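A.B. asks: Turn this into a model:
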Amino acid sequence: MTILVTGATGTVGRHVVDQLVRKGEKVRAVSRTPERAHFPEGVEVIAGDLMSPETLIPALKDVTALYLITSSDQTGATLQTNPRIVELAEKTGVQRVSLLTVYGDGPVEQALKSSRLEWTFVQPVGFMANAIDDWQESIREEGVVREFGGETRGAIIHEADIAAVFVETLLEKGHHGNCYTLTGPEALSTIDQVEMISMAIGKDITFEELTEEQARRKWREMGHDEESIDFFVQMSKNPPEIGYTVLPTVEKITGRPAKMFTEWVSDHRSNFM
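C.D. replies: Numbering: from 1, shown residues only. All right, here's what the predicted structure looks like:
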């Protein structure tokens, strides 16, 4: 059985590849940047672009299970998966698809629901790894984190736990038709996370609360449109209950508790030093 991992050099995809390899599975990895792959020996790496499904046709040959993403989790990378990939997966004999979804109701999700494939949606409420993208530079260079909504809490999850759930859904039956919302074991504020990073690296880190206008200006400079910025502000001021409610999904599916943020920081100390 060959398992195809798309977005394989991404935050979650890399863990999916590594965990499947450790289980002895035959893995084929797709990336738009295969030169950055550096996967374990035995992983077949193929270039492909989910926005151009025809580039995935060679990668889909003899594949029985597919890890699929709808958008990129890499900073600065634009990706909106073309739902035609679902049709191609059906035609080439894929049996099972596990999808990393953000909202659960986009074109790819609808295509899967209308297909004959076994499908599972996995929806993390927030990534611990965002701390690297958002704060690595300012912590290293200035010893400071500047954010809007420092007290807002989220039940963020370790990317290795997300991958572990995907591995189970790709390898085991019984997950068809489910949408699993994933959280970490605790709801943490930005300030909590900064304090934990500070303790782990033995360096004082100052937290500076941005005003709404400062935050809007920052997001504009990062290239976000006004609709997205309004969404960010709303999430900081009045986050939905799903974002901070701790769920036992990881333990139910994998048989072990979700990892704490302190464990994640221990794994990534060097990023902040």
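A.B. asks: What segments of the stretch 51-200 of the chain are helices?
C.D. replies: 57-60, 84-91, 107-113, 130-142, 159-171, 190-201 (DSSP state H, counting those that start in this stretch).
A.B. asks: With residue 258 as the reference, name the closest of those helices.
C.D. replies: Closest to residue 258 of the helices of the stretch 51-200 of the chain is helix 159-171 (Cβ to Cβ; 5.0 Å). All C-beta spots, glycine's among them, are computed from the backbone N, C-alpha and C.
A.B. asks: and the residue nearest to residue 50 when sequence neighbours are not counted, how far is that from residue 51?
C.D. replies: Leaving out its chain neighbours, the residue that sits closest to residue 50 by Cβ to Cβ, 6 or more residues apart in numbering is residue 81, at 4.2 Å. To residue 51, residue 81 is 7 Å away according to Cβ to Cβ, to the nearest Å.
A.B. asks: Out of those two, name the residue with the larger neighbour count.
C.D. replies: For residue 81 versus residue 51, neighbours defined as other Cβ atoms under 10 Å are more numerous around residue 81 (24 against 13).
A.B. asks: Verify the contact between that one and residue 70 for me.
C.D. replies: Yes: with contact defined as Cβ atoms under 8 Å, residue 81 and residue 70 form a contacting pair (4.9 Å).
A.B. asks: quick one: common contacting residues for the two?
C.D. replies: Both residue 81 and residue 70 are contacted by residue 108, under the criterion Cβ atoms under 8 Å, 6 or more residues apart in numbering.
A.B. asks: that older thread, so how far is residue 202 from the residue nearest to residue 50?
C.D. replies: Relative to residue 202, and taking Cβ to Cβ, residue 81 is found at 42 Å.
A.B. asks: can you list the domains in the protein?
C.D. replies: Here the domain parsing of the chain from automatic domain parsing is 1-123, 125-157+183-273.
A.B. asks: model confidence over the longest one, on average?
C.D. replies: Averaging pLDDT along domain 125-157+183-273 gives 95.
A.B. asks: That one: how far from the chain's middle?
C.D. replies: With Cα atoms, centre = their mean, to the nearest Å as the basis, domain 125-157+183-273 stands 14 Å off its chain's centre.
A.B. asks: Now the terminal residues of that domain, how far apart.
C.D. replies: Its start and end residues considered, domain 125-157+183-273 measures 27 Å (Cα to Cα, to the nearest Å).
A.B. asks: low pLDDT regions in the stretch 1-150 of the chain?
C.D. replies: Applying pLDDT under 70 to the stretch 1-150 of the chain flags the ranges 72-80.
A.B. asks: Can you name the residues that contact residue 247?
C.D. replies: Residue 247 makes contacts with 155, 181-183, as judged by Cβ under 8 Å, 6+ apart.
A.B. asks: Let's have these in a markdown table, adding neighbour count and distance to residue 245.
C.D. replies: Shown next, in a markdown table, are those (neighbours: other Cβ atoms under 10 Å; distance: Cβ to Cβ, whole Å):
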| residue | neighbour count | distance to residue 245 |
| --- | --- | --- |
| 155 | 22 | 6 |
| 181 | 16 | 9 |
| 182 | 22 | 12 |
| 183 | 24 | 7 |
